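>>> 3D model of this:
(4 chains)
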Number of protein chains: 2
Amino acid sequence: MLAPMRAAEIAEQRCSIARPAALLGDRWTLVILRQAFTGTKRFEDFQSALGISRSLLSERLGRLVDAGVLRREPYKDAVRTRERYRLTEMGLDLYPVLMALREWGDRYMAEDGPPLEIRHRGCGGEPILELRCSTCGEPVGARDAEALPGPGLKVA
Amino acid sequence: MLAPMRAAEIAEQRCSIARPAALLGDRWTLVILRQAFTGTKRFEDFQSALGISRSLLSERLGRLVDAGVLRREPYKDAVRTRERYRLTEMGLDLYPVLMALREWGDRYMAEDGPPLEIRHRGCGGEPILELRCSTCGEPVGARDAEALPGPGLKVA
DNA sequence: AATATAGGGTTCGGATTCCGAACGCAGTCT
DNA sequence: AGACTGCGTTCGGAATCCGAACCCTATATT
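Got it, this is the predicted structure:
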């Protein structure tokens, strides 16, 4: 009832971009996930780190839990049981999406240089995303690819 | 004036994910871009392909033009001069973001299989995104990376 | 026992934003 | 002239956002 209805409509499109966009496509969800990838787990910590309103945060976290991106679980603090939100496997698999956004943001929207640098743990190198053809191994750009109808395309 | 004010606030965060998210993070912008990558260029074609309202489409296209992702230019039809929206270099560089979303969507939200298949033009293989360390060449997952403060991080 | 503090929310009302339908307007076609 | 097309803008109601206030559970303090 609280979830946006428009989102539901868009989500019904048989499009692999529209459906994730309906879930992730708002101004808070992506930064909530970014925060989750930095290790934030508790409601209060999300709230104070992001400055989001409690009601919105509650709704967004709930939606991500429903979608299976986050898991809500109780855990024992030093003193008592609390709740925390952790990325599921499905959530962790969003890492490339966040990295792609970050690379693009660093390139075009960070006039002072990147605010954060990502390092490969151990080796210290910089991880970068590459789009490569899994068959011939060549790098693929936007102009080198074409879209064809796939098995999930049913014309109603 | 028409642009969301909240978006502006989020955009001011010194975060390479928050800033792109403020531009791209709504339910329509990503599908508009997806459509642009399939070759759609004209206002009418976006509108009929997506079912978006004219006012929203107008506002979104304008915002993307202002951001430098699209370029609005007149061109000559067979009969007259029209306007069209084309991806700029900056816009084309969003391809990995869309592909990352699509891969994730295909994996987790396409119960009937992917609606579209992307093929490497010519070779016919499937392009896939890989996050690799540019130094050691190893694949990098969410757990293998860490974030460090970079040059753009100024603590106010 | 009563009060205080903390985490994790929900409720409420006003301000924003969204959206579809209607309208504008310029340039063609008949 | 009148109709049509492409590309928008305007308008008003509906949906969403957000901050402040409230609620509930549980431990800590007086």
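
>>> residue boundaries of the strands in chain A?
A:70-76, A:81-87, A:116-120, A:127-133, A:145-149 (DSSP state E).

>>> may I see the buried residues of the second one?
Put plainly, it is strand A:81-87. A:84-85, A:87 (16 or more other C-beta atoms under 10 Å in any protein chain shown). Glycine gets a C-beta too; all of them are placed from N, C-alpha and C.

>>> what's next to it, contact-wise?
Contacts to strand A:81-87, defined as C-beta atoms under 8 Å, 6 or more residues apart in numbering or on different chains, come from residues A:33, A:36-37, A:41-43, A:46, A:61, A:64-65, A:69-76, A:94, B:142.

>>> quick check: which ranges of chain A have low pLDDT?
Across chain A, the ranges flagged by pLDDT under 70 are A:1-14, A:152-156.

>>> how about a cut-off of 50?
For chain A, residues meeting the criterion pLDDT under 50 lie at A:1-2, A:154-156.

>>> spell out which parts of it neighbour DNA strand C.
By C-beta under 7 Å from any atom of the strand, the residues of chain A that approach DNA strand C are A:6, A:42-45, A:54-55, A:58-59, A:61-62, A:72, A:82-85.

>>> what is the nearest of those to residue B:149?
residue A:45 (18.9 Å; C-beta to C-beta).

>>> next, count neighbours for that closest one.
By the other C-beta atoms under 10 Å in any protein chain shown criterion, the neighbourhood of residue A:45 contains 14 residues.

>>> what does residue A:140 give?
For residue A:140, the tally of surrounding residues (other C-beta under 10 Å) stands at 26.

>>> repeat for residue A:48
11.

>>> mind checking how far it is from residue A:70?
Look at residue A:48 and residue A:70: by C-beta to C-beta, to the nearest Å, they are 18 Å apart.

>>> over to residue A:98?
According to C-beta to C-beta, residue A:98 and residue A:70 sit 14 Å apart.

>>> residue A:109 too?
Distance, residue A:109 to residue A:70, by C-beta to C-beta: 27 Å.

>>> which of the two has more residues huddled nearby?
Taking residue A:109 and residue A:70 together and counting by other C-beta under 10 Å, residue A:70 has the greater number of neighbours (24 against 18).

>>> what's across from the more buried one in the sheet?
With DSSP bridges applied, residue A:70 shows beta-bridge pairing to residue A:87.

>>> ok, it touching residue A:36?
Yes - contact criterion C-beta atoms under 8 Å: residue A:70 and residue A:36 qualify, at 6.9 Å.

>>> and for residue A:57, the neighbour number?
18.

>>> that one and residue A:51 touch, don't they?
No - at 9.9 Å, residue A:57 does not count as touching residue A:51 under the criterion of C-beta under 8 Å.

>>> how close does the residue nearest to residue A:149 when sequence neighbours are not counted sit to DNA strand C?
Of all residues not flanking residue A:149 in the chain, residue B:116 sits nearest, at 6.6 Å (C-beta to C-beta, 6 or more residues apart in numbering or on different chains). To DNA strand C, residue B:116 is 23 Å away according to C-beta to the nearest atom of the strand, to the nearest Å.

>>> pretty sure residue B:116 sits against residue A:147.
Yes - in this structure residue B:116 lies within contact range of residue A:147 using C-beta under 8 Å: 4.6 Å.

>>> which one's more surrounded, those two?
residue B:116 (21 against 15).

>>> list the contacts for the more buried one?
Residues in contact with residue B:116, defined by C-beta under 8 Å, 6+ apart, are A:15-16, A:147-150, A:153.

>>> tally of neighbours for residue A:111?
Taking other C-beta under 10 Å as the neighbour definition, residue A:111 ends up with a count of 6.
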